[in-house]
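**Q** Need coordinates for the following:
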Amino acid sequence: MKAASVRMPDGWELDANQARTLASGGEGNLRPGRMNLSQFPSLVQDPTPRELEQAAIDTYLDGRGRAVAPVVVDGVEMRHVTGTIDGTTVDRYTTVVDGDLVGLSVVLAEGLPKPERQAILDSVLASFTWR
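**A** So this is what the prediction gives:
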């Protein structure tokens, strides 16, 4: 994306069709997962942290997620929401940069052991860089 880049875990691949505003990929069968990086113009000027969290919960978790502690990713605070939907666990990280809503979603199989899940999230976030 224009604002940021991220590396996928070993063995994951970019999907064949990418867009200017969304890049996605993974293992295809959600074992262990998929991810996407998106960048869209924000529809709300200067959204509050709570507005960012609620929008992510409504959009990516069908209203069934919860906000957890924000994380600092490459020096920038991102709001973090998580939840389980359709047999997967979704972690969505969101912030606004230069008027654009930048988001990273990591979708993992629900049965993935917690230490393995956390290792994947940690590796993805460690590779995230702002441009």
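**Q** What is the three-state secondary structure of Glu51?
**A** helix (DSSP: H, G, I helix; E, B strand; the rest coil).
**Q** shaky segments in this structure?
**A** Applying pLDDT under 70 to the chain flags the ranges 28-31.
**Q** Would you map the helices across it?
**A** All helices of the chain, identified by DSSP state H, fall at 49-60, 114-127.
**Q** hmm, who's touching the longest one?
**A** With contact meaning Cβ atoms under 8 Å, 6 or more residues apart in numbering, helix 114-127 is reached by 6-9, 32-33, 35, 71, 73, 89, 91, 93, 104, 106, 108, 112. All C-beta spots, glycine's among them, are computed from the backbone N, C-alpha and C.
**Q** got it, and the first one?
**A** Applying Cβ under 8 Å, 6+ apart, the external contacts of helix 49-60 come out as 44, 47, 63-67, 70, 79, 81, 83, 90, 92, 94-96, 101, 103, 105.
**Q** again with stretch 78-96
**A** 30, 33, 42, 46-47, 49, 52-53, 55-57, 60-62, 64-73, 76-77, 101-110, 112, 117, 121, 125.
**Q** gap between the two ends of it?
**A** Stretch 78-96 has its terminal residues 9 Å apart, counting by Cα to Cα, to the nearest Å.
**Q** now do stretch 108-122
**A** Rule used - Cα to Cα; the end-to-end distance of stretch 108-122 is 13 Å.
**Q** ditto for stretch 89-103
**A** Using Cα to Cα, the two ends of stretch 89-103 sit 16 Å apart.
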